[in-house]
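Visitor: After the sequence you'll find the predicted model.
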Amino acid sequence: MDKFELVVSNDDDGKRLDVFLVCFFSDNHELKNFCSRSKIQALIRNGSVLVNEKQVKPSFILSLNDKIKIYVDNLPILDQDIITPYEFSVDIIYEDNDLLVVNKPKGLSVHPGAGNKNETLLNAIINKISFSDGSNLSIDPLRVGIVHRIDKDTTGLLVVAKNEFAMTNLMKQFKEHSVDRKYVALVLSTPRGDREVNKEEEGIVDTYIGRHLTNRKKMTVLREGEGKRAITHYKKLEEYPYGCLMEFKLETGRTHQIRVHMEYINSPIIGDKLYGDFSLLPKELKVAAQKLGRQALHAKTLAFTHPVTCKRLSFDSEIPDDMKEIIKIFKNKK
């Protein structure tokens, strides 16, 4: 079951939405780990709960016969019993007593969720830290220091905390936007002939993003006040007849932010199965995108201040081979 559908009865007429859900979650085994009001308020704000098909505030006052939908597929799994070690070779490019930096491959989810409870980066890191080197995490294993995420089919760099102090410090840096993150992607562009590429062409997409009201797997641009502010800085690196290699710097870190913003400005990321229309591409390029099987997006650089030493650390990762191949195909297509 990917969602719960409820109807407000006489007993709950006039209750706050968050109060109503605390009672419902505490009585439901599948949702019991979310029965605190703070967790429920977060779920309401991120669009996992709708009232009469609309996203509302946690303080929304319910009325008789209001229809409530709770989308379970949007909820992370937080059951201690299912956070089990996963034997997977994690590409660790830096590690010390407080944190590690990993280069995530395509096809690997960062955190357990509905449909994949055991084979994720989080499970693999638990296996690596708690079992392989004989040490133990000095942090709640349900959190394991995951302070930011990238999509399952996006590759690239992530920092993971190994203790509570490091996690708190890194989360503060992300909140204050002092962590530098740069991505590269191959995006769709209108054919522009043979004109010379202007490598200084750049801009900013500044919108509000929230969950799509009809397709719950998607995020979308919303009106001010209906979602969370999302700011993406972009810069053209190379331009091809049917595509463009772009660099992105994130000022915020919303779900699917780059993918949503590129669709919004009509330059969706090549290979993205959820966003964008690629029907006008030549057959050869459509076949290449289908063969890629994912969005051509890579988290290439990451820089932050070490929580303990206060030294600025900077990391760079190479674009993976499958992206190099499709970039080459687009580059050579006349």
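Guide: That came through fine.
Visitor: dump the residue contacts of residue 317.
Guide: The contact partners of residue 317, taken as C-beta atoms under 8 Å, 6 or more residues apart in numbering, are 93, 103, 156, 157, 298, 299, 300, 301. Backbone N, C-alpha and C define where each C-beta goes, glycine included.
Visitor: if we look at stretch 92-100, which residues are touching it?
Guide: Under C-beta under 8 Å, 6+ apart, the answer for stretch 92-100 is 101-103, 125, 128-129, 145, 157, 159-163, 165-166, 170, 306-308, 313, 315, 317.
Visitor: Quick one: buried ones out of the residues you listed?
Guide: The neighbour-count criterion (16 or more other C-beta atoms under 10 Å) marks 101-103, 125, 128-129, 145, 157, 159-163, 166, 170, 307, 315, 317 among the contacts of stretch 92-100 as buried.
Visitor: Filter these down to just the ones in helices.
Guide: 125, 166, 170 (DSSP state H).
Visitor: Which parts of the stretch 201-334 of the chain are helices?
Guide: Secondary structure of the stretch 201-334 of the chain (DSSP state H, counting those that start in this stretch): helices located at 257-264, 283-292, 321-332.
Visitor: With respect to burial, which of the ones you listed scores highest?
Guide: Sort these by mean neighbour count, taking mean count of other C-beta atoms under 10 Å, and helix 257-264 sits at the top with a mean of 24.
Visitor: For that one, which helices and strands make contact with it?
Guide: strand 180-188, strand 202-211, strand 219-222, strand 228-239, strand 243-250 (3 or more C-beta pairs under 8 Å, 6 or more residues apart in numbering; DSSP states H and E).
Visitor: List the contacts of that helix.
Guide: 151, 183, 185, 187, 205, 207, 209, 219-221, 230, 232, 234, 246, 248, 250, 254, 268-269, 272, 274-276, 295, 297.
Visitor: and the angle from it to strand 180-188?
Guide: In terms of direction (axes from the mean of the first three to the mean of the last three C-alpha atoms, to 10 degrees), helix 257-264 departs from strand 180-188 by 40 degrees.
Visitor: wait, what's in contact with residue 178?
Guide: Here residue 178 is in contact with 304, 305 (C-beta under 8 Å, 6+ apart).
Visitor: thinking again about what came up before, report the lowest-confidence entry in the ones in helices among the buried ones among the contacts of stretch 92-100.
Guide: Of all these, residue 125 has the smallest pLDDT value, namely 83.
Visitor: For that residue, list the residues it contacts.
Guide: 90, 100, 102, 144, 160.
Visitor: got CSV for the residues you listed, with pLDDT too?
Guide: What follows is the contacts of residue 125, written out as CSV (pLDDT from 0 to 100):
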residue, pLDDT
90, 85
100, 91
102, 94
144, 56
160, 90
